[in-house]
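1. Attaching a predicted model along with its sequence, questions to come.
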Amino acid sequence: MQEYRVWECLVCGWVYDESKGAPEDGIAPGTRWEDIPSDWQCPECGVGKEDFEMIRVCHAAADAAGSGEQEKIASSPTPEAPAEAEAAFEHIDHTRDPVVIVGTGLAGYHLAKELRKLDQRTPLVIISADNGDSYHKPQLSMAFHKVRTPEQLVSNSAREMALSLRAQILTFTQVTAIDSASRCLTLKAGLQSQRLHYDKLVLALGAEPVEVAVGGDAAGCAFRINDLQDFQRFYTAAAGTKSVLVIGGGLIGCEYANDLIQSGFQVHVIDPQTHALGSLLPDNASRLVEKSLSEAGVQFHLGTTVISLDYCSGGIQAVLDNGTQLQVDRVISAIGVRPRITLAQTNGIPVNRGIVTDRYLATGSEHIYALGDCAEVDGHNLCYVAPLLAGARALALTLTGTPTQVTYDNMPVSIKTTLCPVTVSAPPPGTEGQWQYDRDDDKGVAARFTDGDRQLLGFALVGDACSQSAELSEQAPPIMQN
């Protein structure tokens with residue numbers, strides 16, 4: 001038997017198995033991770049090798065690599081005997097107050113992993129408002145086409161995460177108050193309340209969907225898919241569904257339209273802008289995305305909004321402000337997200353759009369930090385995965401005694417519209433300049449945003465032009481300039 005490693009993309013969850021390789025990408029079965037070219041990119045989301053993590057070791061017959069071999073997964077979770085579970089925590093110094101992380105999304109769990117790489121002894125408590133299952137949120141907008149159930153999206157249960165991180169994970173628990181002077185939290189789980197002292201506190205609260213404001217007796221029927229539980233509700237409700245209305249033609253709306261149309265649904269997309277992805281892409285790039293999705297069957301209703309949603313026989317009737325009436329089975333609201341700041345705001349922690357932090361991820365309250373979608377880091381609130389990963393690496397060092405500022409290099413965003421892939425590095429808001437097209441045809445669009453001195457400030461790549469992403473990313477300026 002030969003040993004192979006399995007690597008997982010931290011951004012989208014795509015898995016590279018050394019025994020199987022990636023033949024469609026020109027990587028033969030048996031190719032070791034270190035032998036893959038350094039400029040190789042994830043075929044699903046376009047990130048580089050640095051955003052992959054080894055998740056398990058497989059044993060396969062040496063002559064059967066890539067041919068349906070029998071695998072024995074070394075790190076497959078198995079029920080832990082009490083003694084084994086206790087042994088996992090035996091090196092923790094329980095005389096010390098813990099580092100407490102509020103949130104079990106990608107930010108919270110990734111920070112915990114980075115912490116444990118550096119510190120095996122400090123007590124770690126992670127608080128989850130839900131069941132604490134670990135999953136890759138970007139996979140939610142790909143699940144139907146990949147024929148994956150909500151259960152199949154879960155990579156590890158909260159118990160498995162607790163054992164691997166040697167952490168206490170409190171599920172279905174809310175933080176109701178933060179006493180920063182005494183470093184104490186008030187927690188509520190069901191009808192029970194308790195107090196928890198901390199040494200350092202990290203708020204990894206994520207973001208919440210923006211509510212869609214419409215009239216009608218079905219105004220509250222729209223599904224907002226922001227986490228696995230939201231997806232579970234929609235997944236269940238979609239049984240027997242033929243048509244879906246997606247309110248919002250931005251990143252999330254287009255990803256869900258792309259996923260659903262390839263899964264046999266009839267899909268309508270509504271957005272007040274005149275082009276899909278209009279806030280991210282120049283016009284010609286948007287048009288190619290629209291064309292590709294339209295050819296697959298998506299019906300766009302652009303330059304208009306939803307006035308009302310009303311129940312009707314067999315479904316929901318949507319009335320648009322241009323007079324159009326649509327009858328659909330289900331509605332998804334995908335008009336954007338906003339950072340969760342209420343907990344910080346009500347407890348005296350400075351907020352703006354997000355929870356305000358410096359480049360050390362430190363808030364205005366001593367010993368309290370913020371990370372991920374909820375954080376506004378030195379004026380930047382970026383609800384994407386790459387900034388979150390960079391922040392977790394830097395914050396883990398800070399929390400373990402090596403103060404480290406986070407730096408945001410150029411971080412292009414890959415949009416999972418697989419019918420027409422998109423990679424965009426948007427210019428800073430309010431920047432003066434113009435889009436110039438290097439390429440504009442039926443297969444791809446490549447555009448650069450330049451200032452008056454022809455300096456590259458951003459770029460947009462659509463279709464097969466996405467292959468230029470690594471090259472342009474090296475030329476574009478970092479998000480944090482100094």
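-> Arrived safely, thanks for sending.
2. How about the helix or strand hosting K113, which residues are buried there?
-> Here K113 sits within helix 106-118, counting by DSSP states H and E. By neighbour count on 16 or more other C-beta atoms under 10 Å, the buried set for helix 106-118 is 106-116. In short, each C-beta sits where N, CA and C put it, glycine included.
3. for I415, which residues make a bridge with it?
-> When bridges are called by DSSP bridges, I415 pairs up with V422.
4. That one and E44: what is the separation?
-> Separation of I415 from E44 (C-beta to C-beta, to the nearest Å): 12 Å.
5. okay, the two: which has more neighbours?
-> I415 (25 against 20; other C-beta atoms under 10 Å).
6. Okay, strands next: where are they in the stretch 201-350 of the chain?
-> 207-209, 243-247, 266-271, 299-302, 306-312, 315-320, 325-328, 330-333, 337-339 (DSSP state E, counting those that start in this stretch).
7. what's next to the first one, contact-wise?
-> Counting by C-beta atoms under 8 Å, 6 or more residues apart in numbering, strand 207-209 makes contact with 224, 226, 333-340, 373-374, 383, all of which sit outside it.
8. Specify which member of those is nearest to V125.
-> C374 (18.4 Å; C-beta to C-beta).
9. What is the burial count for the closest one?
-> 28.
10. Next: S193.
-> The tally of other residues near S193 (other C-beta under 10 Å) stands at 12.
11. So what sits opposite it in the bridge?
-> K188.
12. again, but for the one 4 residues further on
-> Following DSSP bridges, H197 is listed with bridge partners C184.
13. tell me what the helix holding K113 is packed against?
-> With contacts taken as 3 or more C-beta pairs under 8 Å, 6 or more residues apart in numbering; DSSP states H and E, helix 106-118 sits against strand 99-102, strand 124-127, helix 158-165, helix 385-399.
14. hmm, back to that, export the strands of the stretch 201-350 of the chain to JSON lines and append columns for distance to G30 and mean pLDDT.
-> Shown next, in JSON lines, are these (distance: least, C-beta to C-beta, whole Å; pLDDT from 0 to 100):
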{"stretch": "strand 207-209", "distance to G30": "41", "mean pLDDT": "95"}
{"stretch": "strand 243-247", "distance to G30": "42", "mean pLDDT": "98"}
{"stretch": "strand 266-271", "distance to G30": "41", "mean pLDDT": "98"}
{"stretch": "strand 299-302", "distance to G30": "45", "mean pLDDT": "98"}
{"stretch": "strand 306-312", "distance to G30": "53", "mean pLDDT": "96"}
{"stretch": "strand 315-320", "distance to G30": "52", "mean pLDDT": "96"}
{"stretch": "strand 325-328", "distance to G30": "48", "mean pLDDT": "96"}
{"stretch": "strand 330-333", "distance to G30": "42", "mean pLDDT": "97"}
{"stretch": "strand 337-339", "distance to G30": "42", "mean pLDDT": "96"}
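15. May I see the ones you listed arranged in JSON lines, with mean neighbour count as well?
-> Below are the strands of the stretch 201-350 of the chain laid out as JSON lines (neighbours: other C-beta atoms under 10 Å):
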{"stretch": "strand 207-209", "mean neighbour count": "19"}
{"stretch": "strand 243-247", "mean neighbour count": "23"}
{"stretch": "strand 266-271", "mean neighbour count": "23"}
{"stretch": "strand 299-302", "mean neighbour count": "18"}
{"stretch": "strand 306-312", "mean neighbour count": "17"}
{"stretch": "strand 315-320", "mean neighbour count": "19"}
{"stretch": "strand 325-328", "mean neighbour count": "16"}
{"stretch": "strand 330-333", "mean neighbour count": "23"}
{"stretch": "strand 337-339", "mean neighbour count": "18"}
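16. for the contacts of strand 207-209, which one is nearest N156?
-> N226 (20.2 Å).
17. Sketch out the low-pLDDT regions of the stretch 1-150 of the chain for me.
-> 1, 45-46, 59-86 (pLDDT under 70).
18. just the helices in it please.
-> For the stretch 1-150 of the chain, the helices defined by DSSP state H, counting those that start in this stretch cover 82-88, 106-118, 150-153.
19. Domains in the protein, by residue range?
-> 2-73, 82-208+338-399, 211-335, 421-475 (automatic domain parsing).
20. Can you tell me which of the ones you listed is nearest to N410?
-> That would be domain 421-475 among these, by C-beta to C-beta, at 5.0 Å.
21. hmm, back to that, what would the helices and strands packed on helix 106-118 look like in CSV with distance to L419 and mean neighbour count?
-> What follows is these, written out as CSV (distance: least, C-beta to C-beta, whole Å; neighbours: other C-beta atoms under 10 Å):
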stretch, distance to L419, mean neighbour count
strand 99-102, 37, 27
strand 124-127, 38, 24
helix 158-165, 34, 20
helix 385-399, 22, 23
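22. any chance of these in a markdown table, plus distance to E3?
-> A markdown table is the format used below for the helices and strands packed on helix 106-118 (distance: least, C-beta to C-beta, whole Å):
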| stretch | distance to E3 |
| --- | --- |
| strand 99-102 | 33 |
| strand 124-127 | 30 |
| helix 158-165 | 20 |
| helix 385-399 | 27 |
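23. what's the straight distance from one end of stretch 291-303 to the other?
-> 16 Å (C-alpha to C-alpha, to the nearest Å).
24. which residue ranges form the strands in the stretch 351-482 of the chain?
-> 355-357, 368-370, 375-377, 413-415, 422-425, 434-440, 444-450, 456-463.
25. between those strands, which gets the lowest average pLDDT?
-> Here these differ in mean pLDDT, and the lowest is strand 413-415 at a mean of 90.
26. Run through who's touching that one.
-> Looking at strand 413-415 with C-beta under 8 Å, 6+ apart, the contacting residues turn out to be 11, 45-47, 251, 254-255, 277, 280, 384, 386, 421-426, 466, 469.
27. now with 10 Å?
-> With contacts defined as C-beta atoms under 10 Å, 6 or more residues apart in numbering, strand 413-415 is touched by 11-12, 41-42, 44-47, 138, 141, 250-252, 254-255, 258, 277, 280-281, 289, 382-386, 421-426, 461-462, 466, 469.
28. Out of those residues, which end up buried?
-> Looks like the contacts of strand 413-415 have 11-12, 41-42, 44-47, 138, 141, 250-252, 254-255, 258, 277, 280-281, 289, 382-386, 421-426, 461-462, 466, 469 buried, using 16+ other C-beta under 10 Å.
29. distance of the residue nearest to D464 when sequence neighbours are not counted from K416?
-> Counting by C-beta to C-beta, 6 or more residues apart in numbering, G444 is the residue found nearest to D464 once chain neighbours are left out, at 4.5 Å. G444 sits at a distance of 17 Å from K416 (criterion: C-beta to C-beta).
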